[in-house]
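K.L.:
give me a model of this one.
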Amino acid sequence: MNNLVIVLENFEYGGVSTHIEILLNNKNFFKKKIKIYTNQDNRALKKLKNKIKNPNVTFVKFKNFNCLFFKNKILKFFYHILRPFFFLISIIYFYQILKKFKNTILLANCGGYGNFRSEMAAIIAFFFLGNKCIYLLIHHAFTKPKLWNFLLQLINLIIYKAVKKIIFVSKATELNISHNIFFFKNKEKMEIIYNGIKKLKIKKKIIPIFNYNKKYIKIGVLSRIEPVKGHAQIINAIDLLTDDLKKKIKVFFIGSGNSHYIYSLKKMVNTKNLSEIFIFTGYLDLDSEQIIKNLNLVLSVNQEFEGFGYSHVEAASLGVPTFVTNVGAASEIFGKNSLNLIRPNDTNALKLKLEEFINNKTEFSKNANAIKSIINSKFNDDLMVKKFNNILFKNEKFN
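P.N.:
Numbering: from 1, shown residues only. Below you'll find the predicted structure:
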């Protein structure tokens, strides 16, 4: 039985957690002995444990030195100044944790990349322990550090030397990271493995919060509520619609977020007299597939970058129409000329697309069914797992 250690610094249940769930629940990973190390303040941990059905997966919490939060500005300032010191402590900490593992593969599973991270410390510690089976997986875009950029570039040189492969979930992510990190240039070390969607036959179950009259078109946004996700732009776009079109829709913001920002969005909705249209559901502890099945349209209007975008790819795999801002990997997934794509940061373009959908929902549904088979053939969990198996376990040599 192969040994696999996954190190994961994470805080919310999103694309990274979904990826781990789908990967480890695949039957091919039931033959592996897997230990996941994740930070004590990972708010997604309880849900992730419940979602993973693989009996050979165990979880261990670690102390997070690399992403601490302070409200006090003085403490925050000194923490940023001392981050290299905390990173060194983290390396020593992981050295002690990981020294017991022999003939083991390490997968450092990073959401974003660029600043000091626990996964980076684990890679360096495992490398110093003499291990060669080290892999780095990056899901999202480069995060520009406020300080210590030169030092971080040098640290990335060590990481580049330590890892066998750097795996990206899309070409867009690879281009973004390689553009910002000087030493990540060798194409032989780069590998793209698109995220996989579970191939399930899902019978729709009516969820009470979505149980409105069938005359309404139900539009959903499944994401954490934060400025970069474009919720404010959606409110502004809906506000531009005619009153007749507004009467035909309900818009659901599905997810949690900063309470002050959510309050500002609700205030914005009330000011524009749109409170009858918008429903803030909060976080729903339900399978995303069931949520999507209760919707007529899924919106993903990320303003900056999307490494893969599980919610809109899931929607497409279920035959539910979805509109996506053309950022990050969107054009890779749907094609450059797809009807699904809209220009980012263009409220009028979003308004026109919504008008088109409300007036011609049947045609968009037909298009969604055509896209469904393409998505399921290119982005399924079996294909993703096969590629991970080939990289992580095939002909593996530990020394």
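
K.L.:
mind listing what's buried in stretch 244-254?
P.N.:
For stretch 244-254, the neighbour count (16 or more other CB atoms under 10 Å) marks 245, 246, 249, 250, 251, 252, 253, 254 as buried. Using the backbone N, CA and C atoms, a C-beta is placed for each residue, glycine as well.

K.L.:
now do it: distance to the chain's middle.
P.N.:
Relative to the centre of its chain, stretch 244-254 is centred 26 Å away, using CA atoms, centre = their mean, to the nearest Å.

K.L.:
any residues touching that stretch, and which ones?
P.N.:
209-210, 212, 215-223, 225, 231, 234, 238, 265, 274, 277-281, 283-284, 291, 295, 354-355, 358-359 (CB atoms under 8 Å, 6 or more residues apart in numbering).

K.L.:
kindly check the end-to-end length of it for me.
P.N.:
Stretch 244-254 has an end-to-end distance of 25 Å (CA to CA, to the nearest Å).

K.L.:
list the ones among the contacts of stretch 244-254 that fall in helices.
P.N.:
231, 234, 238, 265, 291, 354, 355, 358, 359 (DSSP state H).

K.L.:
the third one and residue 275 touch, don't they?
P.N.:
No. Contact criterion CB atoms under 8 Å: residue 238 and residue 275 do not qualify, at 11.7 Å.

K.L.:
check what pLDDT residue 148 gets.
P.N.:
The model reports residue 148 with a pLDDT of 93.

K.L.:
quick one: the strands in the stretch 51-200 of the chain?
P.N.:
Ranges of strands within the stretch 51-200 of the chain are 57-62, 104-110, 134-138, 165-168, 190-192, based on DSSP state E, counting those that start in this stretch.

K.L.:
could I have the buried ones of the contacts of stretch 244-254 as ChimeraX selection syntax?
P.N.:
Buried residues within those, by 16+ other CB under 10 Å, are selected in ChimeraX with:
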select :210,217,218,219,220,221,222,223,225,231,234,238,265,274,277,278,279,280,281,284,291,295,354,358
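
K.L.:
surely residue 156 and residue 178 touch.
P.N.:
No. At 11.1 Å, residue 156 does not count as touching residue 178 under the criterion of CB under 8 Å.

K.L.:
any idea which element residue 261 lies in?
P.N.:
Assigned by DSSP states H and E, residue 261 belongs to helix 259-271.

K.L.:
so what touches that helix?
P.N.:
Residues outside helix 259-271 that contact it (CB under 8 Å, 6+ apart): 225, 226, 227, 231, 232, 235, 253, 275, 277, 278, 280.

K.L.:
next, the buried residues of it.
P.N.:
Neighbour-count burial for helix 259-271 [16+ other CB under 10 Å]: 262, 265, 268, 269.

K.L.:
just stretch 114-128 next, same as before
P.N.:
114-128.

K.L.:
tell me how many other residues surround residue 330.
P.N.:
As a burial measure, residue 330 scores 27 neighbours (other CB atoms under 10 Å).

K.L.:
for the residue nearest to it when sequence neighbours are not counted, which residues make a bridge with it?
P.N.:
Using CB to CB, 6 or more residues apart in numbering and skipping residues adjacent in sequence, the residue nearest residue 330 is residue 324, 4.7 Å away. In this entry, residue 324 is beta-bridged to residue 300, residue 341, by DSSP bridges.

K.L.:
residue contacts, residue 324?
P.N.:
Taking CB under 8 Å, 6+ apart as the test, what residue 324 contacts is 300, 301, 306, 309, 312, 330, 334, 340, 341, 342.

K.L.:
need the contacts of helix 259-271 in TSV (columns: distance to residue 66 and pLDDT).
P.N.:
Converted to TSV, those look like this (distance: CB to CB, whole Å; pLDDT from 0 to 100):
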residue	distance to residue 66	pLDDT
225	25	93
226	21	91
227	24	93
231	29	96
232	31	96
235	35	97
253	31	97
275	41	95
277	42	96
278	37	97
280	32	96
